[in-house]
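Asks: Build me a model from this:
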Amino acid sequence: MEHSYDIKITGYGEGALRYVPANPGRPETSDTQGKVTVVNTARPGTPAFFEVEHWINATVTNHGATSALTLCLKTPLPFGQAGLPDAPRDVRYAQAEDASAKGLPQMLRQLADCVETANAEADARQSA
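Replies: Below you'll find the predicted structure:
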C-alpha cells in the first residue's frame, strides 16, 4: 500500500537566533619528543554566521491514522549572503529569521532527496 499523506501545519515559527563567531582554522602541526611524534591535522576555518532555529508542528494523516509531527531545523546563515549585511551588528533579528525561513523549502527538498537516496541504498543492500 502506498503512503497517502495529508499534512497540516499547526504551528510554525522561529525558535532562536545564535551568533557563531568565525574560526580561523589551524595548519597541520607536528611535535616530536623522543620517539613519539604527535601530529595535529589541519582544520579549515569557518566564517562567522547566525544559526537560526525554526520549529514546525504539524499533523500527519496516512490512511486515517493521524500523528503529531515536530521538526526542528537549524540553518546556518553567513553574513553577506541571502541579502544580509556583511557585519552582524548591522543585521536586524527579524531580517535574519526571514532570510533563513525563505531558504527552508529548498533545504527540505534537498533533505527529501537525501532520504530517497538513503532508502534506495538500503534497498540495494537488502537485495544483494
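Asks: In the chain, what residue spans correspond to strands?
Replies: In the chain, the segments counted as strands under DSSP state E are 5-20, 29-33, 36-40, 49-62, 65-78.
Asks: partners of the last one, with directions?
Replies: So that's strand 65-78. Strand 65-78 has the following strand partners under DSSP bridges: strand 49-62 (antiparallel).
Asks: Identify each buried residue in the strand it pairs with, please.
Replies: 49-50, 52-54, 56 (16 or more other Cβ atoms under 10 Å). In short, each C-beta sits where N, CA and C put it, glycine included.
Asks: And the strands of the chain: which comes nearest D86?
Replies: strand 65-78 (9.7 Å; Cβ to Cβ).
Asks: Compute the inter-axis angle for that closest one and strand 5-20.
Replies: Per axes from the mean of the first three to the mean of the last three Cα atoms, to 10 degrees, the angle that strand 65-78 makes with strand 5-20 is 30 degrees.
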